Structures are given as C-alpha cells and as structure tokens.
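**Student:** Just need the structure, nothing else, for what follows:
(chains A and B)
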Number of protein chains: 2
Amino acid sequence: MVQPKYHVFICTSCTITGQQRGFCYNKGSVPLLQKFMEEITDRDLSGEVVVNNTGCFGICEKGPIVVVYPEGVWYGNVSEEDVERIFDEHFEGGAPVKDLMI
Amino acid sequence: MVQPKYHVFICTSCTITGQQRGFCYNKGSVPLLQKFMEEITDRDLSGEVVVNNTGCFGICEKGPIVVVYPEGVWYGNVSEEDVERIFDEHFEGGAPVKDLMI
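**Tutor:** Below you'll find the predicted structure:
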C-alpha cells in the first residue's frame, strides 16, 4: 500500500447496525467531512491526504472529532470554519493546530 | 488524549448517507469487527487496542480491509479466523502478520 501522508478519520456516528446517529453527526460532521473532501480537491492533495468517515470514538462531548494518523493528533469541536486552518497549518505547514487539539 | 497503542480501523462500508452497503460489509466485516472487540475484552487490552468502524477505503477488491495505526499497516482479505493471529503476533507479539498485509 502507498501510505497517505495524512489519514484523516472523522466521526459521522455511523453504527454497525447501519444507522447514523449520535453527537458528531448531529453537530454537522457530514458537511464537515465534505468540506475536507473539497479542500483535498481544491489543493490537489488527493492521495497525500485521505479522509474516512467512522463510528464513535467514545468522547462525544468533544465532538465533532477528527483524528489524524500516523501522528495521532486528535482534534475536537471541529467546525467547517476550522478546516482551512487545518490544511494551511497542519497538512501544508506541517504543524498541528494546537488550539483545536484535545 | 491518551493514545491507544494500536488503533484499528475496519471498513464496514458505512456511507455518509447512513447506509451500510458494499464489499467489506457483504464479506462479513461487521462480525469481523465484533471478533476484534471480543478479543480485546478476552485479553484485557481495552484502551491499548481500540477499534473503529469506517467507510470505504477504496480498495474493495482486497476487502475486508483492516488498517492499524500509528504504524500504517494495511491488512486485506481478513477473516474471523485471522483475528487471533493478529492479536498474538502483532498486538501482543509486536510483529505485523506479513502474509495478511497488502
């Protein structure tokens, strides 16, 4: 496998019973994920930054949760307005956005 | 955040429209994920090994797909029969199971 430089996991509250319900979903994590997808296209980072939706990380009160591997950076309370900063500072600048980290 | 030693992501083909359909799901990735959960409990590895379900990784023909971070080990065609080996050799032994890697 060719490893992505940044593999981004975003909780969309999908359950193994096929339902999508929970705090991150209710707080807009699906449009948040779509914003990440758009930025990847706009910045031509396909393959370098990869995004997947996930089920619950168990820290719902801090959602929407975004986890970035291989570094293991956990972001909380992420809004669509934060996405450009995450790309500018973290994925293109190389430094995680400290005030969003949990 | 306290980082898990092994963060396991298993495609259960969950989509952002709330449906669960696709190759990994059809090939039994939900019972596969449940087998990982059972092993974590049986071996008392809660917190050290964490499992999440995800949407599609885009390499469906090699599914069910299991990705382990922070190492970035990608396993393909994983069956319930492989789970004990992954725990024995990788999570408890420290060496990824080479013949399952893609």
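
**Student:** list the buried ones in the helix or strand bottoming out on mean pLDDT in chain A?
**Tutor:** Within chain A, no helix or strand scores below helix A:23-26, which has a mean of 95 by mean pLDDT, DSSP states H and E. Neighbour-count burial for helix A:23-26 flags A:F23, A:C24, A:Y25 (criterion: 16 or more other CB atoms under 10 Å in any protein chain shown). C-beta here means a position set from N, CA and C on the backbone, and glycine is covered the same way.

**Student:** name the helices or strands packed onto that helix?
**Tutor:** With contacts taken as 3 or more CB pairs under 8 Å, 6 or more residues apart in numbering or on different chains; DSSP states H and E, helix A:23-26 sits against strand A:6-11.

**Student:** One more pass at 10 Å, please.
**Tutor:** Helix A:23-26 sits against strand A:6-11, helix A:29-42, strand A:49-54, with contacts defined as 3 or more CB pairs under 10 Å, 6 or more residues apart in numbering or on different chains; DSSP states H and E.

**Student:** So which of those is the most surrounded?
**Tutor:** strand A:6-11 (a mean of 24; mean count of other CB atoms under 10 Å in any protein chain shown).

**Student:** Quick check: neighbours of that one in the sheet, parallel or antiparallel?
**Tutor:** strand A:49-54 (parallel), strand A:66-69 (antiparallel) (DSSP bridges).

**Student:** would TSV of the helices and strands packed on helix A:23-26 with mean pLDDT and distance to B:L33 be doable?
**Tutor:** As requested, the helices and strands packed on helix A:23-26 are exported to TSV (pLDDT from 0 to 100; distance: least, CB to CB, whole Å):
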stretch	mean pLDDT	distance to B:L33
strand A:6-11	98	15
helix A:29-42	98	20
strand A:49-54	98	12
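
**Student:** Which one of those lies nearest to A:G18?
**Tutor:** strand A:49-54 (13.3 Å; CB to CB).
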